[in-house]
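Asker: Task: produce atomic coordinates for the following.
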Amino acid sequence: MKRLYLLTVSMFIISTAFSQELAIEKMQFLKKATQSTEVTQSTKMLRTVEAESIWSDDFSNPNTWTLDRASSCNLDWQIGTGLVNDGPYKSPTITSTTASNGYAMLDSDKYTAANPDDVQSSWITTASPIDLSANQNVVLQFETYFRQFYSKCFVVISTNNTDWPDLNVNFDASTNDNVYELFRGFVPNEDMNENPGLIKLNISPSAGGEEQVWVRFYWTGKGYTWFVDDAAIVKQPNHDIILNFAQNSYFGAQYGRTPFSQLTDSLDIGGDIFNFGSSTQQNVTLEIAIKNASGSDMMNASLSKEGLLTDSSAYLLSTVAVPASLIEGTYTLNATVSSDSTDEDLSNNTYSKDFAITDNIYSLDGIGIYNENISNINEIGSWTDYDGNIVLTRYVIIQETEIVGLEILLSKTTDPGTKIVPFLINAEAVINADFSLNRVPDMFDDRIAENENGVKVEQWNIDKNMIYAPLEGTTLEPGIYYACAELFIEEGEEIHILDDKTAAQNQFASLYFTANNDSLYANGTAAAIRLALDDYVAIEENTPKTFSVHPNPSNGVFTVNFTESNTYKIQVINVLGEIVSAKTVEGTMNETFNMSDYNAGLYFVKVSNGTSEHVQKIIIK
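Answerer: Numbering: from 1, shown residues only. A predicted model of the protein is given here:
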């Protein structure tokens with residue numbers, strides 16, 4: 001059975017079964033099996049182990065490739081230096097290892113703009129066959145950068161240069177052992193998190209031991225760009241187990257921030273392991289520890305599998321009790337996989353992810369929590385004339401909770417003057433009893449809470465990537481809900497919400513509604529629409545000139561000045577919304593805070609006098 005391995009993390013789709021009667025305690029976190037799974041890993045790990053090369057091509061000589069295309073279009077691949085996407089929606093050029101001496105590019109963006117009705121299929125193939133007769137276990141690897149619109153990318157293997165299949169965007173690669181579909185699960189406007197990414201395909205079943213092998217890169221569809229460089233066929237390692245990801249989850253989701261009030265008494269922890277080596281791995285063990293900020297163990301699990309066959313994966317999961325000592329703060333999940341064999345690449349055997357327990361913010365996304373080594377952030381929203389699109393993020397409420405608004409993270413591509421209407425709905429409004437998506441036009445009619453006037457996006461919101469959309473205080477009973485952002489734009493404007501793809505999520509964790517065709521889609525990621533609970537404090541733009549914080553940045557010691565006389569409450573708040581220090585002052589203000597023992601990073605100083613509040617940022621180095 002063929003298998004492909006895309007180096008970058010979290011293309012696994014996790015599905016969850018849950019009762020429409022809201023029997024929350026019966027919800028499970030399940031792996032959705034697929035024949036061919038893409039796993040992603042940061043390119044920062046690409047060259048920790050150099051595999052023995054059998055064949056390679058750095059695209060410095062275009063004559064080593066043949067270019068061809070379907071008769072339905074005139075779109076050709078290009079090979080050379082300095083090639084750029086020249087269409088209306090330009091993609092970054094690949095920053096591959098040998099980009100300076102040439103690479104391959106398929107610019108569908110430019111072609112589609114001029115020929116919108118053409119059916120596009122175009123490919124490049126090795127001009128000469130590759131002899132793999134002395135190698136039964138082989139891997140094709142190449143550096144790449146890709147941005148998706150409505151297209152599919154494939155690698156095709158042939159041993160006679162004649163049995164090439166005709167491919168299209170509806171082609172099922174599982175029906176042909178020589179065809180490998182890339183970038184499975186990408187959605188329109190999604191691009192790779194890394195530039196370049198490194199793709200590794202185990203092509204042993206279709207090419208191993210063959211005297212003649214041709215390799216083809218095949219594009220079909222329309223829109224945006226695909227870059228390829230530094231292709232090679234290398235020997236497959238004997239022993240290489242990979243920890244695709246590790247998880248801490250409850251109710252079918254991995255929350256970046258969970259309010260203390262929504263904590264359950266147990267947590268599912270586990271991970272997905274893939275054997276990329278050519279040999280069966282014996283006694284595969286996954287060790288997981290969750291530590292607090294002081295480094296003390298809070299929860300542990302040891303999971304094992306007796307044998308893991310080559311080209312197969314194991315999804316290991318255990319339920320552990322949440323200790324009573326778990327308090328508000330940031331926690332780290334560390335996971336390591338090992339086996340009886342000596343692994344040839346230890347760089348992909350570990351996984352680490354932070355999450356937070358908070359007071360008044362509930363977020364599926366972990367933006368600002370996850371470290372940059374695993375962070376994978378995209379965007380989702382409305383553009384050009386797609387007015388009225390809706391982005392939805394799912395939350396499980398386990399006890400009666402008051403919601404006061406939504407905190408929404410915006411991308412820098414958002415235009416000022418656009419508008420967001422926030423609202424809440426029950427999950428039953430969009431998820432049918434048979435776990436399919438509701439797609440009737442009136443699915444959003446029953447809104448539990450809504451700010452009908454909406455909030456206008458201003459430049460300062462875009463500058464700090466955040467907007468607060470207040471709702472009238474609404475008490476939610478235990479159940480499953482969606483926090484929704486309805487997006488309104490004028491012609492030519494865009495509004496985009498950050499979309500966190502870092503952690504594997506339930507396929508219904510985030511949904512996307514397109515208003516132009518009344519269609520609802522499963523996004524399967526974590527759109528950054530957060531619930532603001534109870535005493536949540538929104539950060540304001542304007543601060544009076546009389547209020548100052550200095551020095552800023554600070555080494556931890558800073559002074560807050562306010563020249564007007566009054567009774568003031570000063571609070572220092574971290575990025576999780578937690579109050580880490582507070583003082584009350586009578587008269588004018590000249591108060592010094594010593595936070596040199598706190599972690600470096602961004603904090604907020606809030607000054608209130610009972611009738612107004614003002615906030616200013618402070619950076620501690």
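Asker: ok, now which ones touch Ser122?
Answerer: Counting by C-beta atoms under 8 Å, 6 or more residues apart in numbering, Ser122 touches 67-70, 73, 75-77, 106, 218-220. Where C-beta positions appear, they are placed from N, C-alpha and C, glycine not excepted.
Asker: now the strands for the stretch 101-250 of the chain?
Answerer: For the stretch 101-250 of the chain, the strands defined by DSSP state E, counting those that start in this stretch occupy 103-107, 120-126, 138-146, 150-158, 179-182, 197-202, 214-222, 225-235, 241-249.
Asker: Turn these into JSON lines, columns for distance to Val615 and mean pLDDT.
Answerer: Shown next, in JSON lines, are these (distance: least, C-beta to C-beta, whole Å; pLDDT from 0 to 100):
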{"stretch": "strand 103-107", "distance to Val615": "46", "mean pLDDT": "97"}
{"stretch": "strand 120-126", "distance to Val615": "51", "mean pLDDT": "97"}
{"stretch": "strand 138-146", "distance to Val615": "39", "mean pLDDT": "95"}
{"stretch": "strand 150-158", "distance to Val615": "43", "mean pLDDT": "95"}
{"stretch": "strand 179-182", "distance to Val615": "46", "mean pLDDT": "95"}
{"stretch": "strand 197-202", "distance to Val615": "39", "mean pLDDT": "92"}
{"stretch": "strand 214-222", "distance to Val615": "47", "mean pLDDT": "96"}
{"stretch": "strand 225-235", "distance to Val615": "42", "mean pLDDT": "97"}
{"stretch": "strand 241-249", "distance to Val615": "31", "mean pLDDT": "92"}
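Asker: Can you tell me which of these is nearest to Leu409?
Answerer: strand 241-249 (21.6 Å; C-beta to C-beta).
Asker: list the helices and strands the closest one packs on?
Answerer: Applying 3 or more C-beta pairs under 8 Å, 6 or more residues apart in numbering; DSSP states H and E, we find strand 241-249 packed against strand 266-275, strand 281-291, strand 329-338, strand 350-358.
Asker: Packing partners of the last one?
Answerer: I take that to be strand 350-358. Where contact means 3+ C-beta pairs under 8 Å, 6+ apart, strand 350-358 is packed against strand 241-249, strand 257-259, strand 329-338.
Asker: what are the pairing partners of the helix or strand that it is followed by, and which direction each?
Answerer: Counting by DSSP states H and E, the next helix or strand C-terminal to strand 350-358 is strand 361-362. Strand 361-362 sits in its sheet next to strand 529-533 (antiparallel), going by DSSP bridges.
Asker: How about the partner strand, which residues are buried there?
Answerer: 529-533 (16 or more other C-beta atoms under 10 Å).
Asker: you'd agree Ile448 is up against Thr474?
Answerer: Yes: using C-beta atoms under 8 Å, Ile448 is in contact with Thr474, at 6.3 Å.
Asker: what touches both of these two?
Answerer: Contacts common to Ile448 and Thr474, judged by C-beta under 8 Å, 6+ apart, are Leu424.
Asker: how close does Glu210 sit to Ala469?
Answerer: For Glu210, the distance to Ala469 equals 59 Å [C-beta to C-beta, to the nearest Å].
Asker: Sorry, slip of the keys, the one I care about is Ala528.
Answerer: 12 Å.
Asker: Same question for Ile374.
Answerer: For Ile374, the distance to Ala469 - C-beta to C-beta - is 29 Å.
Asker: Equivalent analysis for Glu477, please.
Answerer: Distance from Glu477 to Ala469, by C-beta to C-beta: 22 Å.
Asker: more neighbours, these two?
Answerer: When neighbours are counted by other C-beta atoms under 10 Å, Glu477 and Ala469 differ, and Ala469 comes out ahead with 21 against 11.
Asker: right, and the more buried one touches Ala485 too?
Answerer: Yes: applying C-beta under 8 Å as the test, Ala469 and Ala485 come out as touching, 7.2 Å apart.
Asker: shared neighbours of these two, which are they?
Answerer: What both Ala469 and Ala485 touch, as defined by C-beta under 8 Å, 6+ apart, is the set 406, 408, 420-422.
Asker: And for the closest residue to Gln254 other than its chain neighbours, the neighbour number?
Answerer: Nearest-residue entry for Gln254: Ala503, 4.1 Å, with adjacent residues in sequence omitted and distances by C-beta to C-beta, 6 or more residues apart in numbering. For Ala503, the neighbour count with other C-beta under 10 Å is 30.
Asker: so what's Ala503 scoring on pLDDT?
Answerer: With respect to pLDDT, Ala503 scores 90.
Asker: Does it lie in a helix or a strand, and which?
Answerer: Counting by DSSP H and E, Ala503 is part of no helix or strand.
Asker: residue contacts, it?
Answerer: Contacts of Ala503 by C-beta under 8 Å, 6+ apart are 10, 245, 247, 254, 256, 353, 366, 370, 526.
Asker: Out of those residues, flag the one nearest to Ile157.
Answerer: Of the contacts of Ala503, the one sitting nearest to Ile157 (C-beta to C-beta) turns out to be Ser10, at 27.0 Å.
Asker: Of all pairs in the shared contacts of Ala469 and Ala485, which one is the farthest apart?
Answerer: Farthest apart among the shared contacts of Ala469 and Ala485 by C-beta to C-beta are Ile408 and Val421. That separation is 11.2 Å.
Asker: Now do the shared contacts for these two.
Answerer: Taking C-beta under 8 Å, 6+ apart as the criterion, Ile408 and Val421 both touch 469, 485.
Asker: Give the rounded mean pLDDT of the helix or strand where Ala314 lies.
Answerer: Following DSSP H and E, the helix or strand that holds Ala314 is strand 313-321. Across strand 313-321, the average pLDDT comes to 94.
Asker: what residues does that strand touch?
Answerer: Taking C-beta under 8 Å, 6+ apart as the rule, strand 313-321 contacts 29, 31, 37, 244, 265-275, 284, 286, 299-301, 303-305, 308.
Asker: Same list (the strands of the stretch 101-250 of the chain) but as JSON lines, adding distance to Ser261.
Answerer: Converted to JSON lines, the strands of the stretch 101-250 of the chain look like this (distance: least, C-beta to C-beta, whole Å):
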{"stretch": "strand 103-107", "distance to Ser261": "51"}
{"stretch": "strand 120-126", "distance to Ser261": "52"}
{"stretch": "strand 138-146", "distance to Ser261": "42"}
{"stretch": "strand 150-158", "distance to Ser261": "43"}
{"stretch": "strand 179-182", "distance to Ser261": "43"}
{"stretch": "strand 197-202", "distance to Ser261": "40"}
{"stretch": "strand 214-222", "distance to Ser261": "46"}
{"stretch": "strand 225-235", "distance to Ser261": "46"}
{"stretch": "strand 241-249", "distance to Ser261": "18"}
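Asker: Having no further points to raise, I will conclude here.
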